[in-house]
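Peer 1: coords please:
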Amino acid sequence: MGAAVAALTLALAACGGSESGGDGKVTLTLLDYYTAGGGKTAVDAYIRTFESKHPNVDVRRQSVPFENLMPKVLQAASAGDMPDIVIIDNPNLQQVAATGQLRAFDDLPGYTTQGYYEGAIKECEFKGRHYCYPVGSNSVGLFYNKKMLDDAGIKPPTTWAELTDAAARLTKPPTYGIAVSAPADEQSTWQLEPFAWSGGGGMTQVDSPPWVQALRLWTGWAEKGYMSKSVLQWDQSPELPQQFLQKKAAMMINGPWIFPLLNEAGWKYNQDYGIAKVPVQRPGQKVVAPLGGETWTLGDSGNGAQKKWAWEFVKGTQEPAVMQQLTKEMYIVPTKPAVTAEFLKGGEEYAVFAEQSLTARPRTTEYGANYPKVSQAVWTAIQAALTGTKTPEEALKEAQQTVGSVPRQQGQ
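Peer 2: Below you'll find the predicted structure:
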């Protein structure tokens, strides 16, 4: 038995409860998009230890690529044949809950919203009910090459002015000073959101000054040559961290999911690289980053025994020792402050992301299940501005025309 499995076994033993005699063999289905990496390792380990604790329960897991999960889930919801357990990316939770094919947690035995970061439990709400538990959380921060900044006499920037000045001074071909991920998808919106939100922007008026100023910041970097226009094709992983590791980018906006790549390359936190909070426009502003992460949900299918054990499975993931082990394997941050405090003792590189969790905002706050439509309007504007086909003002004004037609869903 591996160390991770052993740790989870001990943690699950503390969850209490054993198989009740009359249930017989129960088969649970679990669907996720962890096809590789820490997510796959962590979920597989948890399944093995849960089955060991409950030998009459068989958990059958299916993983599909990220882009295939939502179509598969919505198809299953339409057919009224949902998996017992589904791991869903948090901005998609409300879209699935709106189908009526997820079980609300509120009346389930042992359910509680106490002890969580506010944003982490808020993301589970839809029309006054709760439909998930968070798997963990993440956001983005500013990664920087320590040697490059030290050699240039630059302190980690905290404001846009300091960030732009650092990017200018660190740009020495073939090295660009700064890099972001701005492809034609949610990654682009997600990366721009903390720049706009920290200045007071929201999703209902994406042509407002905070958004225009944030996008101007990005286009200014590209126009002055501080940032490569290839960011339009770079995913947050692996392309963006590869630029950082190859020293073609001195700084980048990214998240904790890249730690495995940095570790594999032999890079050490606080020695080869550092992490700072996303810089804000003016001193004293608080960083408002988007809250990322996945959610544990329950499909409203199956018989009574399957529903019972699916809930026990999900509830068990929220035990402190289990949460700590799962999030450690997944390279994300626990969603309970008490667990996070212990977690940080063995991973100080997560400190920035944990601190930003205190003010992080769920992406679905204004639009609920319709957030993906708003996000597409924003990332389309980012693409137009960075390619130079439109000014930031023009691009965001056009985006707002789309956003204005999207129904708000505030009934969480």
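Peer 1: Show me the domain layout of this protein.
Peer 2: 3-134+294-331, 141-289+367-403 (automatic domain parsing).
Peer 1: Just the CA atoms of stretch 266-277, as CSV, please.
Peer 2: Output in CSV follows, covering the C-alpha atoms of stretch 266-277 (Å, rounded to 0.1, in the frame of the first residue of the first chain):
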residue,chain,number,x,y,z
GLY,A,266,14.0,20.6,-10.4
TRP,A,267,12.9,24.2,-9.7
LYS,A,268,12.5,25.0,-6.0
TYR,A,269,10.2,27.5,-4.4
ASN,A,270,11.9,30.5,-2.9
GLN,A,271,15.1,29.5,-4.5
ASP,A,272,14.5,29.4,-8.3
TYR,A,273,11.1,31.1,-8.3
GLY,A,274,8.8,33.1,-6.0
ILE,A,275,5.1,33.8,-6.0
ALA,A,276,3.4,37.1,-5.3
LYS,A,277,-0.3,38.1,-5.2
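Peer 1: What residues sit buried inside that stretch?
Peer 2: Trp267, Tyr269, Tyr273, Gly274, Ile275, Ala276, Lys277 (16 or more other C-beta atoms under 10 Å). C-betas here are computed from N, CA, C, even on glycine.
Peer 1: Let's see which of the residues you listed end up in strands.
Peer 2: Tyr273, Gly274, Ile275, Ala276 (DSSP state E).
Peer 1: what's the closest of the residues you listed to Lys336?
Peer 2: Ile275 (21.8 Å; C-beta to C-beta).
Peer 1: coming back round to it: Leu358: which of the domains of the chain is closest?
Peer 2: Closest among those, using C-beta to C-beta: domain 3-134+294-331, at 6.9 Å.
Peer 1: Run through the stretch 301-412 of the chain and note the low-pLDDT ranges.
Peer 2: Scanning the stretch 301-412 of the chain for pLDDT under 70 picks out 410-412.
Peer 1: Which parts of it are helices?
Peer 2: 304-316, 320-330, 337-343, 351-357, 371-387, 392-403 (DSSP state H, counting those that start in this stretch).
Peer 1: who touches the residue lying closest to Phe259 once chain neighbours are set aside in this structure?
Peer 2: Nearest residue to Phe259 in three dimensions, chain neighbours excluded: Tyr331, at 4.8 Å (C-beta to C-beta, 6 or more residues apart in numbering). For Tyr331, the contact set (C-beta atoms under 8 Å, 6 or more residues apart in numbering) comprises Gly38, Pro256, Trp257, Phe259, Pro260.
Peer 1: if we go to 10 Å?
Peer 2: 37-39, 42, 136, 138, 255-260, 263, 347, 349-350 (C-beta atoms under 10 Å, 6 or more residues apart in numbering).
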